[in-house]
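Undergrad: Dropping the sequence and predicted coords here.
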Amino acid sequence: MFKFILTLLTAALLMPSVSAFAGDPEAYVVYSNGTLTFKYDDQKPDGAYALNTGFANVAWNTRLSTTTTVIFDYSFRYYRPTTCSNWFYGGSSITSIVGMSENLNTENVTQAANMFKLCSSLESIDLSRFYTANITRMDYMFQSCSSLTELDLTNFNTSNVTTMQSMFDGCSNLNTILVSDKWSVASLQHSENMFSECGTDAVTQDTREAYVVISNGTLTFKFDNQKPSSNAYSLNTGKANVGWNTKWNEITKVVFDDSFRYYKPTTCSNWFYGGSKITSIEGMSQNLNTEAVTQTYSMFKGCSLLSSIDFSHFNTSSIENMESMFQLCSSLTALDLSNFNTSEVTNMQMMFDDCSNLKTIIVGDGWTTDKVNHSTNMFSDCTNLVGGEGTTYDASKTDKTYAIVDGGSSAPGYLTKRKNITSIAIATLPTKTEYNIGESLDLTGGQLEVTFDDNSKKTYDLAIAEITGFNSQNVAELTLEVKYSGQKTTFAVTILDPKTPVAKIPVDQNIAKVWSSNRTIFIETQPDTKYTIIDINGRLITTSTTKSTREEIQVNYNGVLVVIIGNNSYKVLN
């Protein structure tokens with residue numbers, strides 16, 4: 001009986017926790033071929049590293065000396081770390097950090113000590129969306145980042161920071177540190193050696209100005225200190241008209257310059273009101289920060305040629321007035337507002353009025369009209385609008401009454417609930433899957449099939465996805481990873497060398513003995529010798545490394561093949 005009870009106790013102790021079976025997402029870091037990637041999902045592989053807490057060292061610290069690239073995966077945007085201390089401390093070979101601005105949410109972070117310490121090869125860091133209001137420790141944060149020449153910290157709110165000791169120490173080439181009026185040393189207790197051996201001994205109050213410039217039919221939003229003397233306009237405030245409102249007859253394109261991401265407007269009202277010739281808006285998703293915006297009154301009103309608008313990063317949490325926001329946008333057929341949080345909006349009057357071709361409005365969990373007290377003619381003349389369950393336009397229901405997710409006949413509405421993506425797959429390969437060395441990736445013709453949580457499917461151009469793994473520097477057979485909305489799939493491409501004519505291949509050398517028999521290629525050489533096999537046209541057949549002194553490779557091919565070992569090539573008839 002005692003043995004039986006002991007067996008039960010042992011089994012219980014060895015049993016995994018419930019969360020291990022539940023597939024709960026977990027934040028972790030994975031290292032591969034010089035790249036450190038931050039992820040948050042339920043697919044943590046063996047050998048991956050858990051994140052640190054507080055001021056503890058990171059588990060991947062032995063990898064930092066050989067890390068050249070850091071990537072914040074799309075999935076990581078859903079995680080909220082409490083510390084960034086020591087994350088890249090000692091990463092002297094790191095040259096780029098990708099996705100930090102978009103996918104690292106620091107709203108709960110309290111420590112950033114040593115974060116970039118000794119990243120001596122890093123020439124720039126995008127901190128435009130690095131939230132610092134809760135951070136208390138920034139000591140040694142950039143110490144010995146000797147390749148930095150400028151730091152834009154205008155987004156930094158340092159009101160709670162108590163320690164900045166050696167923060168910029170050893171940044172020998174750092175000449176400019178830009179800060180805004182949110183920079184404060186009121187709570188600072190330790191600042192020893194803050195600027196020791198630094199290219200500057202003080203921060204610089206930001207003197208940049210937000211403005212709009214018009215050139216060759218393009219309206220460009222910028223934020224710098226180079227505002228030209230002509231054809232440039234300051235931004236408006238509140239519901240005031242914009243200074244460029246008399247120029248709409250010559251404007252066909254809008255661009256948000258990279259510099260504008262560091263500016264935080266408080267209004268977007270009237271920005272494009274009357275832009276009847278505008279056909280495209282570029283960079284808005286990446287470079288327009290709307291977290292402080294309270295009004296979007298008439299923002300796109302009258303943009304009758306605009307057929308799509310990207311709102312994937314449009315922060316609406318502070319917006320109160322959306323009156324006439326899309327009025328007279330007659331070329332819009334669909335609006336994806338699934339990112340909209342309308343909890344503070346009080347005015348939606350004429351918001352979609354006269355969007356005569358608008359068929360679908362997609363919203364997410366943040367959509368609400370609880371505070372809306374002005375909604376007259378919100379959907380007037382949206383005659384083609386159809387809700388997610390088939391509810392059609394009713395001229396007697398044009399206020400907020402139908403501004404809800406369509407629930408069918410029992411709860412009719414004009415809106416469509418956002419669907420969650422459960423998987424993606426390649427529907428059609430790109431036209432080009434074979435490349436010569438040095439060519440760029442071409443996704444033309446590629447189609448991505450997206451499956452949603454209701455089992456419906458939709459096909460998009462492959463270009464909407466993030467593609468990684470392409471490198472055309474050497475002959476290879478590559479598997480490219482496709483990422484979209486947190487889901488992944490792959491497809492293969494081949495890299496060829498057009499400069500390898502078989503007729504000029506040198507005669508066999510003594511490095512290896514190579515022959516062929518019965519569709520099998522034999523290689524006798526030292527173990528761990530890399531070899532590549534191509535056909536007479538330079539097409540890659542296979543590439544690998546010998547595992548013993550005699551390698552046998554099955555090749556289903558008839559004709560002349562070339563085996564390349566080092567700088568030597570061998571022709572065989574298979």
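TA: Ah, there it is. Numbers count the residues shown, from 1 in each chain.

Undergrad: can we go C-alpha only for contacts and neighbour counts from here?
TA: Will do.

Undergrad: Neighbours of the closest residue in space to Lys400 that isn't next to it in sequence, how many?
TA: Spatially, and ignoring its direct neighbours in sequence, Lys400 is nearest to Ser375 (5.6 Å; CA to CA, 6 or more residues apart in numbering). By other CA atoms under 10 Å, 21 other residues sit near Ser375.

Undergrad: wait, Ser375 sits on Met350?
TA: Yes: counting by CA atoms under 8 Å, Met350 is a contact partner of Ser375 at 6.8 Å.

Undergrad: re the thing from before, can you give me the distance of the residue nearest to Lys400 to Thr416?
TA: According to CA to CA, to the nearest Å, Ser375 stands 19 Å off from Thr416.

Undergrad: likewise Val98?
TA: Remark: distance between Val98 and Thr416 (CA to CA) = 34 Å.

Undergrad: quick one: which of the two has more around it?
TA: Thr416 (24 against 15).

Undergrad: can you pull up the bridge partners for that one?
TA: Ile362 (DSSP bridges).

Undergrad: need the contact list for Phe352.
TA: 324-329, 378-380, 382 (CA atoms under 8 Å, 6 or more residues apart in numbering).

Undergrad: pLDDT value on it, please?
TA: Note for Phe352: predicted pLDDT of 98.

Undergrad: Next, Ser65: secondary structure please.
TA: Secondary structure, DSSP: H, G, I helix; E, B strand; the rest coil: Ser65 is helix.

Undergrad: Next one: it relative to Leu36, how far apart?
TA: Counting by CA to CA, the separation of Ser65 from Leu36 is 11 Å.

Undergrad: just Ser159 next, same as before
TA: From Ser159 to Leu36 the distance is 32 Å (CA to CA).

Undergrad: So between the two, which is more surrounded?
TA: Taking other CA under 10 Å, Ser159 and Leu36 do not tie; Leu36 has more neighbours (23 against 18).

Undergrad: check contacts around that one.
TA: Counted by CA under 8 Å, 6+ apart, Leu36 has contacts 29-30, 67, 69-71.

Undergrad: Narrow those to those in strands?
TA: 29-30, 69-71 (DSSP state E).

Undergrad: will you turn those residues into CSV that also has distance to Ile521 and neighbour count?
TA: Output for these, formatted as CSV (distance: CA to CA, whole Å; neighbours: other CA atoms under 10 Å):
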residue, distance to Ile521, neighbour count
Val29, 41, 21
Val30, 37, 18
Thr69, 38, 20
Val70, 41, 22
Ile71, 40, 19
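
Undergrad: Tell me where this structure has helices.
TA: 2-14, 18-22, 100-103, 284-287 (DSSP state H).

Undergrad: Go through stretch 455-463 and flag the buried ones.
TA: 461-463 (16 or more other CA atoms under 10 Å).

Undergrad: Show the contacting residues for the closest residue to Glu524 other than its chain neighbours.
TA: With sequence-adjacent residues excluded and distances taken as CA to CA, 6+ apart, Glu524 is closest to Arg550, at 4.5 Å. Residues in contact with Arg550 (CA under 8 Å, 6+ apart) are 522-525.

Undergrad: Quick check: closest non-adjacent residue to Leu219.
TA: Counting by CA to CA, 6+ apart, the residue nearest Leu219 is Val254, at 4.7 Å.

Undergrad: Over to Asn57?
TA: Distances taken as CA to CA, 6+ apart place Asn86 nearest to Asn57, at 6.1 Å, with adjacent residues excluded.

Undergrad: So what's the gap between stretch 273-283 and the chain middle?
TA: Here stretch 273-283 is found 24 Å from its chain centre; the criterion is CA atoms, centre = their mean, to the nearest Å.

Undergrad: Now it: average pLDDT?
TA: Per-residue scores along stretch 273-283 average to 95.

Undergrad: Other residues contacting it?
TA: Counting by CA under 8 Å, 6+ apart, 245, 248-258, 298-309 sit against stretch 273-283.

Undergrad: before we move on, what about stretch 443-451?
TA: 421-432, 457-463.

Undergrad: Now, the residues you listed that are in strands?
TA: Using DSSP E, these in strands are 421-428, 457-461.

Undergrad: Please tell me how far Asn436 sits from Thr444.
TA: In terms of CA to CA, Asn436 sits 17 Å off from Thr444.

Undergrad: Redo the ones in strands among the contacts of stretch 443-451 as CSV? Include pLDDT and distance to Gly390.
TA: Converted to CSV, those look like this (pLDDT from 0 to 100; distance: CA to CA, whole Å):
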residue, pLDDT, distance to Gly390
Ile421, 86, 21
Thr422, 89, 23
Ser423, 91, 25
Ile424, 93, 26
Ala425, 92, 28
Ile426, 92, 30
Ala427, 90, 28
Thr428, 90, 30
Lys457, 86, 18
Lys458, 81, 18
Thr459, 84, 21
Tyr460, 76, 23
Asp461, 75, 27
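
Undergrad: Pipe the residues you listed into a markdown table and attach distance to Asp354 per row.
TA: Formatted as a markdown table, the ones in strands among the contacts of stretch 443-451 follow (distance: CA to CA, whole Å):
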| residue | distance to Asp354 |
| --- | --- |
| Ile421 | 31 |
| Thr422 | 35 |
| Ser423 | 36 |
| Ile424 | 35 |
| Ala425 | 37 |
| Ile426 | 38 |
| Ala427 | 36 |
| Thr428 | 37 |
| Lys457 | 30 |
| Lys458 | 28 |
| Thr459 | 29 |
| Tyr460 | 28 |
| Asp461 | 29 |
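
Undergrad: Of these, which is the nearest to Arg129?
TA: Ile421 (26.1 Å; CA to CA).

Undergrad: Now do that closest one: how many residues are near it, please.
TA: Each residue near Ile421 was counted by other CA under 10 Å, and the total is 18.

Undergrad: The nearest residue to Thr218 once chain neighbours are set aside bridge partners, please.
TA: Sequence neighbours aside, Lys253 is the residue nearest to Thr218 in space, at 4.8 Å (criterion: CA to CA, 6+ apart). Under DSSP bridges, the beta-bridge partners of Lys253 are Thr218, Ser280.

Undergrad: what about Lys253, distance to Ala463?
TA: 21 Å.

Undergrad: before we move on, what about Ser338?
TA: Distance from Ser338 to Ala463, by CA to CA: 21 Å.

Undergrad: what's the answer for Asn155, then?
TA: 31 Å.

Undergrad: Surely Asp206 touches Ser180?
TA: Yes: Asp206 is within contact range of Ser180, at 5.6 Å (criterion: CA under 8 Å).

Undergrad: Need the residues touching each of those two.
TA: Thr154.

Undergrad: quick one: low-confidence parts of the protein?
TA: Low-confidence segments of the chain (pLDDT under 70): 1-23, 464, 498-511, 537, 574.

Undergrad: Could I get the contacting residues of Val254?
TA: 218-220, 278, 280-282.

Undergrad: mind giving me the domain ranges of the chain?
TA: 22-206, 421-496, 502-573 (automatic domain parsing).

Undergrad: looking at the ones you listed, which is closest to Thr401?
TA: Nearest of those to Thr401, taken as CA to CA: domain 421-496 at 26.2 Å.

Undergrad: Straight-line length of that closest one, end to end?
TA: End to end - CA to CA - domain 421-496 spans 36 Å.

Undergrad: Now do that domain: distance to the chain's middle.
TA: Chain-centre distance of domain 421-496: 16 Å, with CA atoms, centre = their mean.

Undergrad: Next, count neighbours for the residue nearest to Met167 when sequence neighbours are not counted.
TA: Closest residue to Met167 apart from its sequence neighbours, by CA to CA, 6+ apart: Tyr140 at 4.2 Å. Counted with other CA under 10 Å, the neighbours of Tyr140 add up to 27.

Undergrad: Likewise for Lys530?
TA: 14.

Undergrad: what does Lys397 give?
TA: Neighbours of Lys397 (other CA under 10 Å): 17.

Undergrad: Give me the nearest residue to it, chain neighbours excluded.
TA: Phe379 (7.9 Å).

Undergrad: residues contacting the one you found?
TA: 350-354, 397-399.

Undergrad: What is the nearest of those to Ser269?
TA: Among these, and counting by CA to CA, the member closest to Ser269 is Met351, at 12.6 Å.
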